[in-house]
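Q: With the input below, show me the fold.
(chains A and B)
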Amino acid sequence: MLPDTLHKLPRDERFAYARLLAYMARVDNEITVDELAMFEQRIGTALLSPNQRDELRLALKNPPSLEECLEGLGPESGRLALRDALLMATADGSIDGDEFDVLQEIADHLGLAENAVNELIDWAKIGYRWMEDGIELLNKLQQG
Amino acid sequence: MDMFCDDVANLDASERSRYADLLVLIAAADGELVREEIQVLEGLMGRAMVHPEARTSIRKGLHDTHRLTNLLKNAEVQTLRFVLRDGALLAAADGDYDKREVRILKQIAKKAEISNDELKQIFDWVSNGWEWHQTASSVLNLSASKQNTLE
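A: Next comes the predicted model:
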């Protein structure tokens, strides 16, 4: 929900980015409301057409293979997809082993440093704290 | 830990529409709508799980910036506080706060019984988020992200 460079990418790469998120949402075979909200947020941010969004919602039910998802990604869109796949994987509170393996596979595909996924996890934790601060601020205002 | 989602999606459908309508007004306040603002707006509507058909009619509000009074009438205070938080994020999307955007935010704050000091806390929170978001660039070497700074 912060401004991003995603919209500067070609539409087909934005679509590939969102397909990877659909794949990620289903890695643990279930999708929580939090993951769904996060997914809707990201496909909104990707500025895809309503038809593409519908197609992506269907992809949540029948996700493509990881290889298919990675095929359409360029270097920049791939990195953004990794970042947001990680945020999505943590939307339900933790990253399980399967999710971590997929993230590592994406990072390897992109040729990133070996510790990139762990660094991103640390980055996401800071973001969580920031979001919590926002929610706490609102709660404080509600009580005021 | 529902970090990236919160109670916005749990508001009544009518309050979620009002939330999105008010965000549209904030986005359009400075008379120009840049892609960064549309991007944040679409993301926030997605997170609020506003129905796709409702989003279509809400987008039309981008061309009607005179509805603030009606939208504030009978609004729930909780909705307005979500609008303030996410409206501040949205208003900052193009890199700075336009005085017309701030004026609308202050009107909403008044209705939501939020003081100027408290509104400033929200702006500070937005700045912190921008700084956090930027740090992903160094991990991932995202060149284009480096152009985004909040003034």
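
Q: CA atoms for contacts and neighbours, from now on please.
A: Will do.

Q: so where do the helices sit in chain B?
A: Taking DSSP state H, the helices of chain B run over residues B:13-28, B:35-47, B:52-60, B:68-72, B:77-91, B:99-111, B:116-140.

Q: closest to residue A:116 out of those?
A: Nearest to residue A:116 among the helices of chain B is helix B:116-140 (6.7 Å), distances taken as Cα to Cα.

Q: what packs against that closest one?
A: Here helix B:116-140 touches helix A:116-143, helix B:77-91, helix B:99-111, going by 3 or more Cα pairs under 8 Å, 6 or more residues apart in numbering or on different chains; DSSP states H and E.

Q: Which one of the ones you listed has the poorest average confidence?
A: Here the lowest mean pLDDT among the helices and strands packed on helix B:116-140 goes to helix A:116-143, at a mean of 89.

Q: if I pick residue A:52, what's in contact with it?
A: residue A:15 (Cα atoms under 8 Å, 6 or more residues apart in numbering or on different chains).

Q: secondary structure class for it?
A: helix (DSSP: H, G, I helix; E, B strand; the rest coil).

Q: Backbone dihedrals for residue B:94, both of them.
A: phi -90, psi 10 (degrees, to the nearest 10).

Q: ok, now residue A:48?
A: According to degrees, to the nearest 10, residue A:48 has phi -90, psi 160.

Q: Not counting its neighbours along the chain, what's nearest the most centrally placed residue in chain B?
A: By Cα atoms, centre = their mean, the mean C-alpha position of chain B lies nearest to residue B:87, the distance being 2.4 Å. Nearest residue to residue B:87, sequence neighbours excluded (Cα to Cα, 6 or more residues apart in numbering or on different chains): residue B:23, at 5.6 Å.

Q: and if you look at residue A:24?
A: Distances taken as Cα to Cα, 6+ apart put residue A:85 closest to residue A:24, at 6.1 Å, once the chain neighbours are dropped.

Q: From what I see, the one you found and residue A:21 are in contact.
A: Yes. Under the criterion of Cα atoms under 8 Å, residue A:85 makes contact with residue A:21 at 5.4 Å.

Q: Looking only at neighbour counts, state which of those two leads.
A: residue A:21 (30 against 27; other Cα atoms under 10 Å in any protein chain shown).

Q: now for the helix or strand in which that one is found, which elements pack on it?
A: Assessed by DSSP states H and E, residue A:21 sits inside helix A:11-25. Judged by 3+ Cα pairs under 8 Å, 6+ apart, helix A:11-25 is in contact with helix A:33-45, helix A:50-61, helix A:66-71, helix A:75-89.

Q: give me every residue that touches residue A:46.
A: Taking Cα under 8 Å, 6+ apart, we find residue A:46 in contact with A:6, A:7, A:14, A:15, A:18, B:39.

Q: I figured the fifth one hits residue A:57, correct?
A: No. Because the distance of 10.0 Å does not satisfy Cα under 8 Å, residue A:18 is recorded as not touching residue A:57.

Q: The two - which one has more neighbours?
A: Using other Cα under 10 Å as the criterion, residue A:18 and residue A:57 rank with residue A:18 on top: 30 against 19.

Q: related to what we said a few turns ago, let me know the angle separating the helix holding residue A:21 from helix A:33-45.
A: 180 degrees (axes from the mean of the first three to the mean of the last three Cα atoms, to 10 degrees).

Q: which outside residues touch helix A:11-25?
A: A:6-7, A:31, A:35-36, A:39, A:42-43, A:46, A:48, A:52, A:56-57, A:59-60, A:63-66, A:69-70, A:72-74, A:77-78, A:80-81, A:84-85, A:88-89, A:99, A:102.
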